[in-house]
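K.L.:
model this:
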Amino acid sequence: MNIQTQIKSIFDGKSFKRPLFYNYEGGLRLELSEGGNYLNQFLTAHRKGMEVCTQIFEGCEEVTICVRVGGEKSLLSCLSTLKSLRKAGLYPASGKEHWTEFDDEWVGDEDYADSLWHFIAFKAPIESLINALWCAFSSDFGYIEPSPTVDVYLFNLDAEVMVFPYDDRGMDIVGSNHKFLKEQYNKFGHYLLDYDREAMDAVFS
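P.N.:
Presented below is the predicted three-dimensional model:
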């Protein structure tokens, strides 16, 4: 079974809907950056993201990574982004899967009639989490390089859990493995986003 099929099956086709936390019930939403200048925000988000992901992928030798980038029908339209991903170590020479999807939210918008989401998925050594989170959190900062303009999704397919670090402000964790998610809820309660804490408490407390 290829990566695309596994993701669609395990996460009921909801893995790339945004905001993920509200589209996939029973997940976690964590708050990461804590203010200060852009460098402090980035480094704090990266440190917290690594702390959480180290637990989520504990014991794994690999992580399944999927990057999503908007472009035209040809992947060549994303060439500059692909070069930036390669620079960040997130565009392997082989073993990649590529597929495209049209976003239903674009229906009726002439500017996006020929636009597609390009998905590139691959398995990578667990050490690649550092690079993946770098790309996820640097996207909003023009002063930090490399900074490919992509969405980054991290999958522990064996545990049936995924992580979406949507920007330096926060990160969503969802999946069907309630026991596993409850363990993360207990470990990282101090990082839960207060705005959505009541909803998370209702599920896990």
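K.L.:
for the chain, what's the longest helix?
P.N.:
helix 38-56 (DSSP state H).
K.L.:
Show me where this structure has its strands.
P.N.:
Using DSSP state E, the strands found in the chain span residues 28-31, 62-71, 97-101, 116-125, 151-156, 161-167, 170-175.
K.L.:
Let me have those in a markdown table, adding mean pLDDT, mean neighbour count and distance to Tyr91 as columns.
P.N.:
Using the backbone N, CA and C atoms, a C-beta is placed for each residue, glycine as well. Below are these laid out as a markdown table (pLDDT from 0 to 100; neighbours: other C-beta atoms under 10 Å; distance: least, C-beta to C-beta, whole Å):
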| stretch | mean pLDDT | mean neighbour count | distance to Tyr91 |
| --- | --- | --- | --- |
| strand 28-31 | 98 | 23 | 27 |
| strand 62-71 | 97 | 20 | 8 |
| strand 97-101 | 96 | 13 | 11 |
| strand 116-125 | 97 | 19 | 7 |
| strand 151-156 | 98 | 24 | 12 |
| strand 161-167 | 96 | 24 | 18 |
| strand 170-175 | 97 | 24 | 22 |
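K.L.:
sorry, back to before: how far off centre is the longest helix of the chain?
P.N.:
Taking C-alpha atoms, centre = their mean, to the nearest Å, one finds helix 38-56 lying 13 Å from the centre of the chain it belongs to.
K.L.:
what do you get for stretch 85-98?
P.N.:
What separates the centre of stretch 85-98 from the centre of its chain is 16 Å, taken as C-alpha atoms, centre = their mean.
K.L.:
on that earlier part again, quick one: average pLDDT of the longest helix of the chain?
P.N.:
Averaging the model's pLDDT scores along helix 38-56 yields 95.
K.L.:
quick one: contacts of it?
P.N.:
Residues from elsewhere that reach helix 38-56 (C-beta atoms under 8 Å, 6 or more residues apart in numbering): 30, 32-36, 129-130, 133-134, 136-138, 141, 143-144, 154, 156, 159, 161, 163, 165, 168-169, 171, 173, 184, 187-188, 191.
K.L.:
Narrow those residues to those that are buried.
P.N.:
For the contacts of helix 38-56, a burial check counting by 16 or more other C-beta atoms under 10 Å picks out 30, 32-33, 129, 133-134, 136-138, 144, 154, 156, 159, 161, 163, 165, 168-169, 171, 173, 184, 188, 191.
K.L.:
still on that earlier bit, list the ones among the contacts of helix 38-56 that fall in helices.
P.N.:
Among the contacts of helix 38-56, the ones falling in helices (DSSP H) are Leu129, Ile130, Leu133, Trp134, Ala136, Phe137, Ser138, Gln184, Lys187.
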